[in-house]
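Undergrad: Fold the stuff below for me.
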Amino acid sequence: MSAESPVAVRRPQRADARRNFDALLSAARDAFAEHGTEASLEDIARRAGVGIGTLYRNFPTRHDLFETVYIGEIEQLCQTADDVAGLPPWDALVSWLHRFVEYTATKRAIYEALNRDSTMFRHCREEIYRVGEPLLARAQDAGAVRSDVTFDDTLRMISGLTAGGFVDAAQRDRVLGIALDGLRKH
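TA: Next comes the predicted model:
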């Protein structure tokens with residue numbers, strides 16, 4: 001996320017504590033994707049290879065865990081924008097949108113548990129636009145994407161496509177490919 005963003009995951013300083021923290025986030029992300037917000041905290045701790053006390057030390061409430069997982073997803077989405085910046089414009093946009101699809105799976109799993117009116121949620125949305133809009137603009141400037149498409153249009157299209165879920169990853173990729181063909185300038 002940007003240096004000026006007030007929302008960021010606050011990882012512990014000690015290396016072993018940081019490893020446990022990151023393992024808990026990864027386990028929580030997977031558990032929420034599989035079981036939604038009702039995922040067992042004991043199962044999350046077990047998946048992470050830590051005790052339940054370690055989970056509660058890092059995340060005193062279930063809501064703290066939801067928010068931290070969500071913010072972590074936003075950080076990864078922002079990092080992906082940086083990682084793909086050197087690719088050709090169309091490839092950069094497509095790569096980032098593939099990561100956005102992964103993000104939507106986690107968001108969908110915990111969406112109802114998040115306070116969508118919160119400052120955190122608003123700043124996360126701003127970060128998505130901050131990193132995504134330039135990728136779309138660059139692809140449009142290169143003549144790879146239709147000029148009548150906005151970034152908001154693109155996010156709504158992708159979010160709509162992912163709202164129902166897919167039979168498997170192959171179907172998800174196929175449907176995303178169809179949508180991306182609609183963005184291309186022909």
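Undergrad: T104: neighbour count?
TA: By other C-beta atoms under 10 Å, 19 other residues sit near T104. Heads up, the C-betas are built off the backbone N, CA and C, glycines and all.
Undergrad: how many neighbours does the spatially closest residue to it that is not a sequence neighbour have?
TA: Nearest-residue entry for T104: T162, 4.3 Å, with adjacent residues in sequence omitted and distances by C-beta to C-beta, 6 or more residues apart in numbering. Here the count is done by other C-beta under 10 Å, and T162 has 21 residues near it.
Undergrad: Need phi/psi at T162.
TA: For T162, the backbone dihedrals (degrees, to the nearest 10) come out as phi -90, psi -10.
Undergrad: looking at this protein, which helix or strand does the model trust least?
TA: Evaluated with mean pLDDT, DSSP states H and E, the helix-and-strand set of the chain has its lowest mean pLDDT in helix 89-110, which scores a mean of 87.
Undergrad: next SSE after that helix?
TA: helix 119-141 (DSSP states H and E).
Undergrad: now that next one, how far from the centre of its chain.
TA: Centroid separation for helix 119-141 versus its chain: 12 Å, with C-alpha atoms, centre = their mean, to the nearest Å.
Undergrad: Can I get that helix as CSV, trimmed to CA atoms?
TA: Output for helix 119-141, consisting of C-alpha atoms alone and laid out as CSV, is shown next (Å, rounded to 0.1, in the frame of the first residue of the first chain):
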residue,chain,number,x,y,z
THR,A,119,-12.3,4.4,7.3
MET,A,120,-10.3,1.1,6.7
PHE,A,121,-12.7,-0.1,4.0
ARG,A,122,-12.7,3.3,2.3
HIS,A,123,-8.9,3.5,2.3
CYS,A,124,-8.6,0.0,0.9
ARG,A,125,-10.9,0.9,-1.9
GLU,A,126,-8.9,4.0,-2.6
GLU,A,127,-5.7,1.8,-2.8
ILE,A,128,-7.3,-0.5,-5.3
TYR,A,129,-8.1,2.5,-7.6
ARG,A,130,-4.7,4.1,-7.0
VAL,A,131,-2.9,1.0,-8.3
GLY,A,132,-5.4,-0.2,-10.8
GLU,A,133,-6.4,2.9,-12.7
PRO,A,134,-2.9,3.6,-14.0
LEU,A,135,-2.7,0.0,-15.4
LEU,A,136,-6.0,0.5,-17.3
ALA,A,137,-4.9,4.0,-18.5
ARG,A,138,-1.6,2.6,-19.7
ALA,A,139,-3.3,-0.2,-21.7
GLN,A,140,-5.7,2.3,-23.2
ASP,A,141,-2.9,4.7,-24.1
